[in-house]
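Chemist: only geometry, no sequence info:
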């Protein structure tokens, strides 16, 4: 073998390549430990609620190493744990920086006593001074309640009203409270249709009643009931609208439902 010049040449080349790679690796290890590659900048994008103090705390507690040796997965996990942060990405930015991009939660509502609800229907913990609607429901129902809140808000647009509370009970019955203080019972089925029918009837019924109606029950097959005595309805609404036969019929029909047809689910 040692007399084979071609084999010796190949062996020599492989030895040189191996030596070069070892030297290069050693140089890289040495260079990575030099202060030339210390991290000097943390660039943060997308921060609206996250403060510089919170970023500095993450850097101090969780970032170890320099430009080459820092653990990006560990850094990403640390930033994701900050209040308001839904997701985070971290990448190196030559020669001495990390670039952090944050996706913050967009608050949709308060979720019971547990925290806030984002636009994805996810519950998160954070402090806010915003005035937000209150949504509540059984465990695991946050996304469903958030979707119903959006549906009810859309249906109520013609009345220029919006829900400030939406509740799904343990029996899966829905109820809402509007920004004018009116409480509405929707029941367990046909919620959109019931609320839509109420929106259509409202301008020629309750909109003309002087006495404020604080509770409306839509769980009836052919109308709705109000928690106002019939005498009060006649005095506050029918007397003033005596020249409007259709209004009288609509209001009386609603009042009769209180003691007439039974409720549905």
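Modeler: Now that the structure is in, tell me what you want to look at. Owing to the predicted nature of the structure, the values given are computational and were not obtained by experimental measurement.
Chemist: Give the full set of residues in contact with residue 137.
Modeler: 112, 144, 145, 167, 168, 169 (CB atoms under 8 Å, 6 or more residues apart in numbering). (Glycine included, C-beta is placed from N, CA and C.)
Chemist: I'd like to check which residues are in contact with the first one.
Modeler: Just to be clear, that refers to residue 112. 134, 135, 136, 137.
Chemist: How much space separates it from residue 179?
Modeler: Using CB to CB, to the nearest Å, one gets 20 Å for the distance from residue 112 to residue 179.
Chemist: do the same with the second one
Modeler: Counting by CB to CB, the gap between residue 144 and residue 179 amounts to 22 Å.
Chemist: for the third one, same thing?
Modeler: Between residue 145 and residue 179 the distance is 18 Å, computed by CB to CB.
Chemist: helix/strand/coil for the closest residue to residue 46 other than its chain neighbours?
Modeler: Excluding its sequence neighbours, the residue lying closest to residue 46 (CB to CB, 6 or more residues apart in numbering) is residue 102, at 4.2 Å. Classification of residue 102 using DSSP: H, G, I helix; E, B strand; the rest coil returns strand.
Chemist: Which strand residues bridge residue 102?
Modeler: residue 88 (DSSP bridges).
Chemist: Would you map the helices across the chain?
Modeler: 5-32, 52-62, 72-80, 142-156, 191-201, 230-233, 245-259 (DSSP state H).
Chemist: quick one: which of these has the weakest pLDDT on average?
Modeler: Among the helices of the chain, helix 245-259 has the lowest mean pLDDT, at a mean of 45.
Chemist: Surely residue 44 and residue 56 touch.
Modeler: No. Between residue 44 and residue 56 there is no contact under CB atoms under 8 Å: 10.5 Å.
Chemist: higher neighbour count, the two?
Modeler: Neighbour count, other CB atoms under 10 Å: between residue 44 and residue 56, residue 44 has more, with 17 against 11.
Chemist: what's the neighbour count on residue 142?
Modeler: 25.
Chemist: Check residue 183 too.
Modeler: 16.
Chemist: What of residue 38?
Modeler: 10.
Chemist: what about it, distance to residue 214?
Modeler: 65 Å.
Chemist: and what of residue 20?
Modeler: Distance from residue 20 to residue 214, by CB to CB: 85 Å.
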